[in-house]
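Chemist: Got a predicted structure plus its sequence, pasted below:
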Amino acid sequence: MLKIYIISALTLLIHSLDSIGRTVVVCLFFGLLMAAAQTDRKTMTIPDSLVFAALGISFFSIPFFPELGLPDRILGMCSASLLLLGAAICIPGAFGGGDIKLMAACGLLLGWRYSLLALGIAVFIGAAYGIWMLAIGKAGRKSRIAFGPFLCGGMAIAFLWGEEVLSLLF
């Protein structure tokens, strides 16, 4: 009888640690997104220290989010970040290196579906913001805006409501 209690207690402890691990990953991830968005908004740069922190959080998340396999994670690193890189090469100044590196680092946590969704949301919201700024006369056609806040917002939305958004779209 004592063995059942010990096994039950260990099972509960392991389950609780898994939940705590997931909670820690989510808190760290959202804290990092807020820091990156604020920094980019103020300085128009995303420091490598934040990119490395995102990469660390993404690696830390692997055992706590086993439903996302390693191939999905690796594709997540490449999918959206390579699209940003391609756009930056074709249109100089379109996106900064910090945006590209942050998307790659966070793609390891998000996977390819949510990375592409996050990028789509970011482009949509960023374009709407740019049009609004043009309409109210606070920006011109050659004005530059920080894309990091939109990218971070897109990643947060994809992380929290990715399945719901994808089911609405497809």
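Modeler: Received the coordinates, thanks. Numbering: from 1, shown residues only.
Chemist: alpha carbons only for contacts and neighbour counts from here, please
Modeler: Fine.
Chemist: so where's the chain uncertain?
Modeler: Applying pLDDT under 70 to the chain picks out residues 1-18.
Chemist: all helices for it, in order.
Modeler: Secondary structure of the chain (DSSP state H): helices located at 2-43, 48-61, 70-90, 97-135, 148-169.
Chemist: from the ones you listed, which stretch is densest packed?
Modeler: helix 97-135 (a mean of 22; mean count of other CA atoms under 10 Å).
Chemist: Residues in contact with stretch 57-66: which ones?
Modeler: 18-19, 21-22, 25, 28-29, 68, 105-106, 108-109 (CA atoms under 8 Å, 6 or more residues apart in numbering).
Chemist: hmm, try it at 6 Å
Modeler: With contacts defined as CA atoms under 6 Å, 6 or more residues apart in numbering, stretch 57-66 is touched by 22, 25, 108-109.
Chemist: where's that stretch relative to the chain centroid, distance-wise?
Modeler: Distance of stretch 57-66 from its chain centroid, counting by CA atoms, centre = their mean, to the nearest Å, is 14 Å.
Chemist: first to last residue in it, what's the distance?
Modeler: Chord length of stretch 57-66, first to last residue, is 15 Å (CA to CA, to the nearest Å).
Chemist: So for residue 142, which of the helices of the chain sits nearest?
Modeler: Of all the helices of the chain, it is helix 97-135 that lies closest to residue 142, at 10.3 Å by CA to CA.
Chemist: that older thread, so which of the helices of the chain comes closest to residue 141?
Modeler: Judging the helices of the chain by CA to CA, what sits closest to residue 141 is helix 97-135, at 7.4 Å.
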